[in-house]
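Undergrad: One predicted model, sequence on top.
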Amino acid sequence: MLDPDVVWNGIIGDLEISVTDDPVNPAGLRAGQSLATAVLICLMTDCRVEVSELRDGDANRGWPGDSFDLEPGEVPLGSRLWLLRRRALTEDLELEAQDYARAALQPLIDDGAFARFDVTAFANRTQNRLDLDVRGYGNAGEQRFSQRFALLWGTLARDPLTPSIR
C-alpha cells in the first residue's frame with residue numbers, strides 16, 4: 001500500500017494522479033515523495049494553539065484530538081503560521097515565521113527523517129506575501145528537500161474555512 005503524496009500548488013495541498021505509465025502505481029494516486037509530503041503536512045497544516053495565543057474573534061484551528069489524544073512523547077503536527085495571517089508584513093513577522101516553521105519541522109528531525117532545516121522568510125510587500133524558503137538536509141549533509149512557499153496575505157485575510165457570501 002503506497003502512501004499518496006500531497007502536492008503543493010502555491011496555495012493549497014492536494015492529491016495528484018500519477019501518469020498512466022507509472023511503473024509502480026499507474027493512474028493511481030502519485031506516491032513517491034514521502035519526505036516532501038511530510039514537510040508539507042508539518043508546515044501547511046494548522047496546529048492548535050493555547051487560547052491565550054488567539055486574537056479576539058479567532059477560532060482555534062488544528063485537529064481537536066490534539067488536545068486530548070496525544071500519546072506520551074508524541075507532539076501535534078502542524079504549524080502556527082496561520083496565526084500570522086492578520087499581521088503586517090514586517091521584519092518581526094519574518095523572524096516569527098521562521099521560528100514557527102522550524103518548530104513545525106522539528107518532529108521530522110526528532111524522527112530522523114532529516115538532520116536539520118534551513119528556513120528563511122522574506123516579506124515580499126510588492127506582491128503582498130511572505131516567501132518561505134525551506135531546505136532540509138540528511139545526516140551526511142546532503143540536501144533532501146528544497147522548496148519555496150508563497151504565503152499570500154490577500155488569500156489569508158479572509159478565513160478560508162468561512163464561505164464567502166455573494
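TA: Nice, thanks for sending it over. Numbering: from 1, shown residues only.

Undergrad: For the closest residue to Ala27 other than its chain neighbours, give its distance to Val7.
TA: Computed as C-beta to C-beta, 6 or more residues apart in numbering, the closest residue to Ala27 that is not its neighbour in sequence is Thr20, at 4.8 Å. Bear in mind the C-beta positions are built from the backbone N, C-alpha and C, glycine included. As for Thr20, its distance to Val7 is 17 Å (criterion: C-beta to C-beta, to the nearest Å).

Undergrad: neighbour-wise, which of those two wins?
TA: When neighbours are counted by other C-beta atoms under 10 Å, Thr20 and Val7 differ, and Val7 comes out ahead with 15 against 8.

Undergrad: Need the per-residue pLDDT for the closest residue to the more buried one other than its chain neighbours.
TA: With C-beta to C-beta, 6+ apart as the criterion, Val7 has its nearest non-adjacent residue at 4.5 Å, and that residue is Glu16. Glu16 is assigned a predicted lDDT (pLDDT) of 71.

Undergrad: Where do the strands of this structure begin and end?
TA: Taking DSSP state E as the test, the strands found in the chain are 7-8, 13-14, 116-124, 129-137, 143-152.
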